[in-house]
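In: Provided below are the primary sequence and the corresponding predicted coordinates.
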Amino acid sequence: MAGGGIPSELLFGNPWIGLGSVLACLGLWLVLRNVFSSSQSIPYPPGPRALPLIGNAHEMPTKHPWIKYTEWAKTYGDVVGVKILGKRLVIFNSYQAAKEVLDKKSSIFSSRPRLPLVDMNSDWSLSLLLLPYGSDFQTSRKFMNSAVNPNAVREAQPAIQEQARVMLYRLWKEGPQFHQHNLLMQGSVILKLAYGHEVLGHDDEWIQVSERGGESMEDLGTVGGHPVDLFPILGKLPLWVWGSKFPKTMQSVKDSGINMHVKTYETVKDRHAKGLAAPSMATRLIDENMQKDGSVANEQAIAWSAGSIYSAGSDTTTSTLDFFLIAMLLYPEAQKKAQVELDKVLQHERLPTFEEMESLPYITAIVKETLRWRPVSPAGFPHLSTQDITYNGMFIPAGTMAIWNSWYILHDPKEYSYPEQFYPEHFVVPAEKQPLDPEDVIFGFGRRVCPGRHLARSSLWIAVASLLTLFDISCPLDEEGKPTKPDTDYIDGLVSHPKPCKAVFKPRSDGYLKALMQERESKGV
Ligand code: HEM
């Protein structure tokens, strides 16, 4: 959900909430709303006591919201309800409850909360991640699925594997700036799939444009928490009211959306018309939507769904692999175990391929454990309900925002023996003893479930297998010769990231290094 992702916790955690002046203006409206909503006879989901007018706004955390949600889960249970300035939020703290509502009542829980500030000042609401439920959503989702369904991803696996090898080569040749090489791998896979674009290096223009798209949304700070998002009528004020630099920030949000989605699409369309474009999601959709008069139907949906692969897929996958690195630095025994398994299969002669997936269950377990240990969307992602429902005797009205607490669900000691530790053995058990699969939680629910999950799984698996085959990964030593351990905490953001860290990558054997060099030479590198 890179760039386009708006974690629910940010929708309310916002320093402007305390502005007495804004509240005073809108107090009457809230009183009336409260009076009308209190006549409900079926109880709302339990939660902390709401104050008049502001509800629970004063308690909404601005940092690591899943920690507060976890406290509430322990007090109020699987389904917690809070109210913020008249808007309702429901937090699902168990897989069962999230599944029962977000999945089984998917036709009701598949919209997204609006972001009036972004909606009024840019086209970002056209990106699949943010589209409200309806026919535009269905068209974009269909286009997206056509590019990243399991068959399409299987066909893309040779290209994904190639990018994993390029990452190894760069790590060996250029040095251990893991995050940069990782980002380039994920970006290269996505840009090839979406546009047929071959990324040649760190200064690739398409990567820069796409990265700028994500960053511009980050520049907005608490996306969804601006006064305009809380009280859309304030959107009628000129942008400079919010600070002298604000109009420029908003212009950059608008421009980056167009550059990343529309301009890239137009470039590919132009190249395709001249017969110069490599096959991709964009060229296939152009062909499929070509009209007799030479125009292309559904162009907006094609452009914004192709761009959504980068905005939603790059940061999430990169951040997950960055957390894998941290796990390897802190849990060398897991790394060793994986390497024993790899060596048994690969015999220091060749590098892993997707064909070996079945024979490398510990690698698969490492990927699952990374997703569980440090989910990059620890507080889920917001859905919006469009009809009233009653669930387990609780009333959830239309217009409620619903999220799931991935952190709490994936750190449940009843499900995982060592929830706080990185312990791939959680998943190395007979089928009947397998705990809850983190992939059933971290990729979301119902009709909004992450369409890129098959791509993410493939990219992560081959990257992890390739890295652990070629390298011993360890902490750098400080001046006193002690290992400098990485921080395992999160940096909050549209997607949560690990803090930057350093690592040493040492080739493990001449055999694997030779295999890499031979592969690179055969590609003319
Ligand atoms: C480890 C990597 C990833 C994680 C953890 C992740 C997680 C998520 C989550 C939590 C959602 C929201 C689901 C919901 O609302 O129920 C989502 C949506 C989405 N993801 Fe992913 N994702 C990942 C990788 C990818 C990739 C590689 C792509 C590329 C296609 C992608 C494309 C999308 C899109 C387009 C949406 C919006 C779907 C919609 O709103 O209908 N994601 N992702």
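Out: Received, thanks. Residues are numbered from 1 along each chain as shown.
In: contacts, neighbours, all on C-alpha from now
Out: OK.
In: Not counting the helix or strand encompassing residue 214 itself, show me its contacts.
Out: Secondary-structure assignment from DSSP states H and E places residue 214 in helix 205-219. Under the contact criterion Cα atoms under 8 Å, 6 or more residues apart in numbering, helix 205-219 has outside partners 2-4, 184, 187, 191, 199, 223, 249, 252-253, 256-257, 259-260, 264, 310-311, 493-494.
In: Apart from its chain neighbours, what residue comes closest to residue 326?
Out: Distances taken as Cα to Cα, 6 or more residues apart in numbering place residue 486 nearest to residue 326, at 6.3 Å, with adjacent residues excluded.
In: Tell me, how many residues neighbour the one you found?
Out: Neighbourhood size, residue 486 [other Cα atoms under 10 Å]: 19.
In: Tell me which helix or strand whichever residue of the stretch 201-350 of the chain sits closest to the ligand sits in.
Out: Going by Cα to the nearest ligand atom, the ligand is nearest to residue 313 of the stretch 201-350 of the chain, at 3.3 Å. Take DSSP H and E as the rule and residue 313 turns out to sit in helix 299-330.
In: continuing past that helix, what's the next helix or strand?
Out: Once helix 299-330 ends, the next helix or strand along the chain (criterion: DSSP H and E) is helix 332-346.
In: what separates residue 64 from residue 122, distance-wise?
Out: Distance of residue 64 to residue 122, given as Cα to Cα, to the nearest Å: 28 Å.
In: same thing with residue 515?
Out: From residue 515 to residue 122 the distance is 48 Å (Cα to Cα).
In: Which one of these two is surrounded by more residues?
Out: Comparing residue 515 with residue 122 by other Cα under 10 Å, the one with more neighbours is residue 122, at 19 against 16.
In: Make sure the more buried one is actually in contact with residue 257.
Out: Yes. Using Cα atoms under 8 Å, residue 122 makes contact with residue 257 at a distance of 7.4 Å.
In: Now do the buried residues in the helix or strand that contains residue 390.
Out: Using DSSP H and E, residue 390 maps to strand 389-391. For strand 389-391, a neighbour-count test (16 or more other Cα atoms under 10 Å) marks residue 389 as buried.
In: neighbouring strands for it, and are they parallel or not?
Out: Strands that pair with strand 389-391, judged by DSSP bridges, come out as strand 394-396 (antiparallel).
In: how about residue 178, what does it touch?
Out: Residue 178 makes contact with 171, 322, 503, according to Cα under 8 Å, 6+ apart.
In: these two touch, right, the second one and residue 496?
Out: No. Between residue 322 and residue 496 there is no contact, the gap being 11.1 Å when judged by Cα under 8 Å.
In: What residues are bridge-paired with the closest residue to residue 43 other than its chain neighbours?
Out: The spatially closest residue to residue 43, leaving aside those adjacent along the chain, is residue 394, at 5.4 Å (Cα to Cα, 6+ apart). On the basis of DSSP bridges, residue 394 is bridged to residue 391.
In: how close does residue 394 get to residue 381?
Out: Distance, residue 394 to residue 381, by Cα to Cα: 21 Å.
In: who's more crowded, the two?
Out: Using other Cα under 10 Å as the criterion, residue 394 and residue 381 rank with residue 381 on top: 26 against 15.
In: measure that one to residue 59 for me?
Out: 19 Å.
In: and what of residue 171?
Out: For residue 171, the distance to residue 59 equals 45 Å [Cα to Cα].
In: Next: residue 359.
Out: 49 Å.
In: Residue 175 now?
Out: In this view, residue 175 and residue 59 are 45 Å apart by Cα to Cα.
In: quick one: which helix or strand includes residue 137?
Out: Using DSSP H and E, residue 137 sits in helix 135-148.
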